[in-house]
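> Everything below, folded, please.
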Amino acid sequence: MLNVYRALQHKAGLGQSLRSGRAFSTQLNDDHLASWQKSCWETYLSTGRGSDTLFRSISRNGSQSITVPELNVFLDSVKRRGVHPRAFKMLNELAHDHNLTPQEFKSWLVLATKFHQEHEAHFSSGYDRSPNVGERKTRSEEESFSSWNRHTMSQAVRKMQYAVRGQIVLRADELQSQGKDITYTNVGNPQSVGQPPITYYRQVMALCDLPAEDGVDHPEVYKMFPADVVERAKEVRAAVGSGGTGAYSGSQGILKFRKDVADFISKRDGHPAYPGNIFLTNGASSAIELVLTTIISSDLDGIMIPIPQYPIYSALIAKLAGRQIGYYLDESNNWAATKAELDKQLNDAQSNGLDVKALALINPGNPTGQVYSREDLEVICKFCSENGIVLLADEVYQRNVYSPDKEFLSAKKIASETPGCENLQLVSFHSTSKGVIGECGRRGGYMELHNIDSYIQAQLYKLASSGLCSNIPGQIMTSLMVKPPKKEDDSYDRFEKEEQEIFEGMKRRAISLVKGLNEVDGINCNPAEGAMYAFPKIDIPPKAIAEAEKEDMSPDTFYALSLLEETGICVVPASGFGQEEGRFGFRTTFLPPDDKIDAAIAKFKSHHENFVAKYA
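Here you go, the predicted structure:
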């Protein structure tokens, strides 16, 4: 055993030597040098990290500079993959005998690796103009030197993109401040576009936040609130404790609320769930970050994500310096995930030296709106189980199923009922932001661990404890979501009526929006079976594509900006979610009221016709 340990030490030491640059490029033959340079370049492209090691791999004499010819030789060896065209122009403008210092090299890298076509300058300038930022004192790089700047910052953060609140939204905010009427369909934020809060939730929350003498213990409380609301508020207050909603809780969340979640899951799936495997979190997003932070341990760790995907996954993988491995959903087959595609992407990743650790599943789909069948889920669960891959099941839209022939089935239910999946490692996520509850600002949510190693759970707890706890109102809202009023309760009839009105409105608008988009020549959209979005494919004329390239942005970003300027509709370019090469489109919600959706459908049509005519 000791010999094995020493062998591992030696292997790790050699790898570290190469990474740190203690073995300079002059000590390697040409084949090893090319392999090392390619590995360093792939790491930097994928993670934004390792610029110092990359510098040392290019410097042929181990000096503190790189010549322009050395850099050109390196770029030829990696076939200039991932290098922005403007970077070559910069090299051509330098003298042939110019030596790049490490700082100049990092500056060149920032230019060379424009990680997306719409580079960060668009986002930064949009942020600078945003009316929502407020007055501030600014300091530019030209005015004085800052040690914390675009070259020294985390390049993983620079690489990170989150299109849902990106360039288009910043421009929409700017236009709104100038008096333009904006219809925000970019984000699943129901109450911001007119969805009313459900009375029962707000009444219980009010009594939990109020001092007892002004709320649950007030002599007139039963005249002001239904009896079941008062009793539920008392139950919640007892679970929270004497510190009330302004005090911290345990880092995993209040046990009573985790029991409520476990009961909900058990009833939903017909299989036991345990409160000790539940973590209450600030929405699903923070839970996903907790898990990915614990999973990704090196820049060779891969996470498989659907393409198209919700960009929290690509953003976090970039931030954590992991490797994103996209598995493409089949648009012609209602966005199905096929076994052949999963196998292909896994094999390709492994052949490139990546360790595939987890796979993200979004059901119902975001941005794609499909609802997976039992057979679809069995394919994914078996694939993960057979390959020792942790399945991350994003199930925040489980209440949003509109197709009469579809139903939500959880990944845990499928895993529990599918032979071969007995040991599947699974983490599933849910949130108070979606469904029909739509309480985004409460930041409530949970994750359930299934077949996760006990040591890993303890480390997740340690990581959660560094943030002390998730917010208490969000924890309460999560409990209310999974344990609503019962039929015999005073609040039930009103609660049921409000829920149904919200759900039926979403269902109605999902159908009308997709129908309206499909009636536009040049726009094609799959049915929105669930979730809150339509994800149409659009035909963009070659002249518009060329114009977008001149503006250094993707064609569908160019299209979305045109749509915003002409109609005031704010959508998210499909490029922000990922899509097959040559496809263009956008994501839009169907959350605004019926009259606004009807008006938006007409505007989508008129804009597309005008856009196509302009760039014909």
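> Helices of the stretch 51-200 of the chain, residue ranges please.
Remark: helices assigned in the stretch 51-200 of the chain by DSSP state H, counting those that start in this stretch are 51-58, 68-77, 85-93, 102-112, 120-129, 155-159, 167-177, 199-209.
> what's the closest of those to residue 339?
helix 155-159 (31.1 Å; CB to CB). No exception for glycine: its C-beta is placed from N, CA and C like everyone else's.
> Which elements pack onto the closest one?
Here helix 155-159 touches helix 30-47, helix 102-112, helix 312-319, going by 3 or more CB pairs under 8 Å, 6 or more residues apart in numbering; DSSP states H and E.
> Adding mean pLDDT and mean neighbour count, write these out as TSV.
Below are those laid out as TSV (pLDDT from 0 to 100; neighbours: other CB atoms under 10 Å):
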stretch	mean pLDDT	mean neighbour count
helix 30-47	76	18
helix 102-112	74	17
helix 312-319	90	22
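> Out of these, which is closest to residue 425?
Nearest to residue 425 among these is helix 312-319 (17.6 Å), distances taken as CB to CB.
> which one of the helices of the stretch 51-200 of the chain lies closest to residue 391?
Using CB to CB, the nearest of the helices of the stretch 51-200 of the chain to residue 391 is helix 155-159, at 24.9 Å.
> Walking through the stretch 251-400 of the chain, point out its strands one by one.
Along the stretch 251-400 of the chain, counting by DSSP state E, counting those that start in this stretch, strands occupy 278-281, 301-307, 323-328, 355-362, 390-394.
> Out of those, which is closest to residue 563?
Closest approach to residue 563 among those (CB to CB): strand 301-307, 23.1 Å.
> For residue 424, grab the count of nearby residues.
25 (other CB atoms under 10 Å).
> does it count as helix, strand or coil?
coil (DSSP: H, G, I helix; E, B strand; the rest coil).
> so it touches residue 385, yeah?
Yes: the criterion here is CB atoms under 8 Å, and residue 424 meets it with residue 385 at 4.2 Å.
> Please enumerate the shared neighbours of those two.
Taking CB atoms under 8 Å, 6 or more residues apart in numbering as the contact rule, residue 424 and residue 385 both touch residue 415.
> Make TSV out of the helices and strands packed on helix 155-159 and add distance to residue 359.
Formatted as TSV, these follow (distance: least, CB to CB, whole Å):
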stretch	distance to residue 359
helix 30-47	18
helix 102-112	31
helix 312-319	10
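> related to what we said a few turns ago, could you export the helices of the stretch 51-200 of the chain as JSON lines, including distance to residue 554?
As requested, the helices of the stretch 51-200 of the chain are exported to JSON lines (distance: least, CB to CB, whole Å):
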{"stretch": "helix 51-58", "distance to residue 554": "26"}
{"stretch": "helix 68-77", "distance to residue 554": "24"}
{"stretch": "helix 85-93", "distance to residue 554": "15"}
{"stretch": "helix 102-112", "distance to residue 554": "19"}
{"stretch": "helix 120-129", "distance to residue 554": "11"}
{"stretch": "helix 155-159", "distance to residue 554": "16"}
{"stretch": "helix 167-177", "distance to residue 554": "10"}
{"stretch": "helix 199-209", "distance to residue 554": "40"}
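> what's the closest of these to residue 308?
helix 167-177 (16.5 Å).
> what's the closest one packed up against?
Contact here means 3+ CB pairs under 8 Å, 6+ apart; on that basis helix 167-177 packs against helix 120-129, helix 555-567, strand 569-570.
> Just the angle for the second one relative to helix 167-177, thanks.
Right, helix 555-567. Per axes from the mean of the first three to the mean of the last three CA atoms, to 10 degrees, the angle that helix 555-567 makes with helix 167-177 is 10 degrees.
> Torsion angles phi and psi at the nearest residue to residue 367 once chain neighbours are set aside?
Among residues not flanking residue 367 along the chain, residue 587 sits closest, at 4.0 Å (CB to CB, 6 or more residues apart in numbering). Dihedral angles of residue 587 (phi, psi; degrees, to the nearest 10) stand at phi -110, psi 140.
> gap between the residue nearest the centre of the chain and residue 66?
Central residue of the chain (CA atoms, centre = their mean): residue 312, 1.3 Å from the mean position. Using CB to CB, to the nearest Å, one obtains 37 Å as the distance from residue 312 to residue 66.
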